[in-house]
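Student: Got a sequence here, can you build the structure:
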Amino acid sequence: TKCSYVLRTFCSNKYFGNKQVKCIPIGYKSGIEDKQKKNREYKWAFTGTPHKSSRHDLLFQLSNIKPSFCHKTEKFNTKIISVEKMSEVLSSTEFLPSPNGFFHPETYRLYEALQCGCIPIVEDTYKYYDRLFPNNPFIKVIKWADAKPIISGWGQDQIANKRKECKDWWINYKKDLQEFVKNKINQ
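Tutor: Next up, the predicted model:
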C-alpha cells in the first residue's frame, strides 16, 4: 500500500480490526446545532424516505405515540427541510429512531440526533454500532416494536439521564477523534 494510515467512513467487516484503518463517523449536515430546548415537544421524530420495510415498520409501530414529528420524502435529498428547521425539530425531540441507511447501516440521522441532544435508537443490525463505537450509549433494537415501550414508557428522569449519557459520550468522542487525527498527522 502507498498509505501508512487510512481514515474511512462507511466501514465494513474488512476494516474493523485493521490496524492501518480507523473507521470514523459520516457526520451530520453542516449547520445542525442543538438549540438547547429544556422542554422537548416531540416524543420521537422521523425525517427521510420510508423506502425500506424497516422504515415502514418504524412508522407503523410508533404511529400512535404522540406528539411526534414526521417529514417523509420520496427520494433522498428531495423535499428536505431546512437545516434551521431540522435543528429546531431535533432540539425539540426526545428520541430519534435511526433506521439503517439504504445500502449501509450508518446514516446521518444518528449524528444529527447526537448533535441536537436527542436519544438515538438504532437498529442493531450485525451489532454494527458496537463495532464502530465500542461502549456507546445508544439504545439498540432488533425490531421497532421494541422501541415502543421505551419511547412511551420512560419517565423524565430516565430520559434526562440517557440524554446526558449520550451527550457526554458524543462530546468526548469528537474530542478524542480530533486528538487522534492530530496525533496521526504529526507522526
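Student: where do the strands sit along the chain?
Tutor: Assigned by DSSP state E, the chain shows strands spanning 6-8, 21-23, 42-48, 68-72, 93-98, 119-123, 139-141.
Student: Report pLDDT for the most centrally placed residue in the chain.
Tutor: In the chain, the centroid-proximal residue (Cα atoms, centre = their mean) is residue 110; its distance is 1.0 Å. On pLDDT, residue 110 comes in at 96.
Student: still on that earlier bit, what's the closest of the strands of the chain to residue 62?
Tutor: strand 42-48 (5.8 Å; Cβ to Cβ). To be clear about C-beta, it is placed using only N, CA and C from the backbone, and glycine gets the same treatment.
Student: Mind exporting the C-alpha coordinates of that closest one to CSV?
Tutor: Output of strand 42-48 as CSV, limited to C-alpha atoms (Å, rounded to 0.1, in the frame of the first residue of the first chain):
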residue,chain,number,x,y,z
TYR,A,42,-41.9,15.6,20.5
LYS,A,43,-41.5,12.1,21.9
TRP,A,44,-40.0,11.0,18.6
ALA,A,45,-39.3,12.2,15.1
PHE,A,46,-38.5,10.8,11.7
THR,A,47,-37.4,12.6,8.5
GLY,A,48,-36.5,10.9,5.4
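Student: That strand: partners in the sheet, and parallel or antiparallel?
Tutor: With DSSP bridges as the test, strand 42-48 is paired with strand 68-72 (parallel), strand 93-98 (parallel).
Student: Out of these, which is closest to residue 152?
Tutor: Across those, closest to residue 152 is strand 93-98 (Cβ to Cβ), at 9.8 Å.
Student: Could you tell me how far the closest one lies from the centre of the chain?
Tutor: How far strand 93-98 lies from its chain's middle: 8 Å, per Cα atoms, centre = their mean, to the nearest Å.
Student: can you check stretch 30-48 too?
Tutor: Relative to the chain's own centre, stretch 30-48 is displaced by 12 Å; criterion: Cα atoms, centre = their mean.
Student: Please point out which parts of it sit buried.
Tutor: By neighbour count on 16 or more other Cβ atoms under 10 Å, the buried set for stretch 30-48 is 32, 40, 42, 43, 44, 45, 46, 47, 48.
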